[in-house]
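In: Quick one: sequence and predicted model below, then my questions.
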Amino acid sequence: MQKKNSELVALVSGDASKLKKLGKKYGVKILCGYEQYGELLRSGEIDAVYLALPNHLHSQYAVQAAQAGIHVLCEKPMAVVPEECEAMIQAAEEAKVKLMVAYRLHFEETNLSAIELVKKKKIGDPKIFQSAFTMGVDPKNYRASDEERGGGPVYDIGIYCLNASRYLFQSEPLEVSAFAVGQTKSDKNPPPEESVTVNLKFPGERLASFVCSFGAYTHGNYIVIGSKGSFTVENAYEYVGDKILSWEIKGKKGKQKFKSRDQFAPELIYFSNCILKNQEPEPSGLEGLADVRIIRAIFESAQTGKSIPIEPIDKERPGLRQEIYAPPVQEPELVRAKQPSKDEAA
């Protein structure tokens, strides 16, 4: 575990009682509402912000921070549409501040070890990626909000499958097709699709497919099949619980268990190091833009019934060099918030 390289000094929320309770719990003295956000950015008290807002607010708050000379760590999806991502990237470049998207699995040993299996040709030439990430989400939860707010299973959990296909194949898809079924029983207008299945064509005659759903029981695995073998990652996308990487290569089977760990501390440590050492982060704004462009193509395909071509983005890929270990922590008590999943195991 690396030494502490940053400090939590301010909290921003529209809920005064939440601010008071969390401020006391974590010893944070600067507590303010969203109407004081601009003042906080100019106060000289902070160097960076971590944005965990609803998806449709990411761009607005990131651009405002960058323009004030504040570094930005933004939750995924980076934004709702590519134009918002591009505005965030431009603002960060013009202000010469760091912009990183919080893909926590880019620092997690199991997924990075899976990438190494591909890069070292352990399974030969990777040909097929298949995945499913599903959970039963309460229709009243903000994650089930309409598409304009970045709600629904593709933005919320499908992005994990999409991102995994890209970092495991170490390339960008050329074409996408998708089907969507059902709608969550919500009073939102219009409610998001309940389940979406996606097919992606990659260079080198490679195919990826995944399904994401807010109406099925919790599940999150993927498999990669190559010319000489295959491997599977169980509990691939969750931030709690052990993960299992199992493989079959040239008829020989193996398995490795990776104990549960803190997945949020590593990305905070890495982001802070990028600021302190003046290094460009991976995952950068380009990583977030790449996913959002594909997500928009997924929606276009589902609506039109047509396959949509995608112009690839050239960018850096994650690798084991980014693995950072942090010991597991107990899931904190929620303050005036509810778990999104309605599954009994959630």
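Out: Cool, the structure landed.

In: So what's the residue count around Leu200?
Out: A total of 26 residues lie near Leu200 under the criterion other C-beta atoms under 10 Å. Heads up, the C-betas are built off the backbone N, CA and C, glycines and all.

In: swap in Ser17?
Out: A count of nearby residues for Ser17, using other C-beta under 10 Å, gives 10.

In: which SSE is it in?
Out: helix 16-26 (DSSP states H and E).

In: May I ask which helix or strand encompasses Ala236?
Out: In this structure, Ala236 sits in neither a helix nor a strand according to DSSP H and E.

In: hang on, it packs against Ala164?
Out: Yes: with contact defined as C-beta atoms under 8 Å, Ala236 reaches Ala164; the gap is 7.0 Å.

In: so what sits against both of these two?
Out: Listed as contacting both Ala236 and Ala164 by C-beta atoms under 8 Å, 6 or more residues apart in numbering are 111, 131, 222.

In: Spell out the secondary structure type for the second one.
Out: Using DSSP: H, G, I helix; E, B strand; the rest coil, the structure places Ser131 in strand.

In: Would you mind writing the CA trace of stretch 14-34 as CSV?
Out: The C-alpha trace of stretch 14-34 is given here as CSV (Å, rounded to 0.1, in the frame of the first residue of the first chain):
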residue,chain,number,x,y,z
GLY,A,14,-27.5,19.4,-1.8
ASP,A,15,-28.4,17.5,1.3
ALA,A,16,-27.5,19.5,4.5
SER,A,17,-28.1,16.6,6.9
LYS,A,18,-25.9,14.3,4.8
LEU,A,19,-23.2,16.9,4.7
LYS,A,20,-23.2,17.2,8.5
LYS,A,21,-23.1,13.5,9.2
LEU,A,22,-20.5,12.7,6.6
GLY,A,23,-18.4,15.7,7.5
LYS,A,24,-18.3,14.6,11.1
LYS,A,25,-17.6,11.0,10.2
TYR,A,26,-14.6,11.8,8.0
GLY,A,27,-13.4,14.9,9.8
VAL,A,28,-14.1,17.3,6.9
LYS,A,29,-14.4,20.9,7.8
ILE,A,30,-15.4,22.5,4.4
LEU,A,31,-19.0,21.5,3.7
CYS,A,32,-21.0,23.3,1.0
GLY,A,33,-24.0,23.0,-1.3
TYR,A,34,-23.9,23.0,-5.1
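
In: which residues are in contact with it?
Out: So stretch 14-34 is in contact with 8-13, 39-40, 45, 335-337, going by C-beta under 8 Å, 6+ apart.

In: repeat that for 7 Å
Out: Contacts with stretch 14-34, where a contact means C-beta atoms under 7 Å, 6 or more residues apart in numbering, come from 8-13, 40, 45, 335-336.
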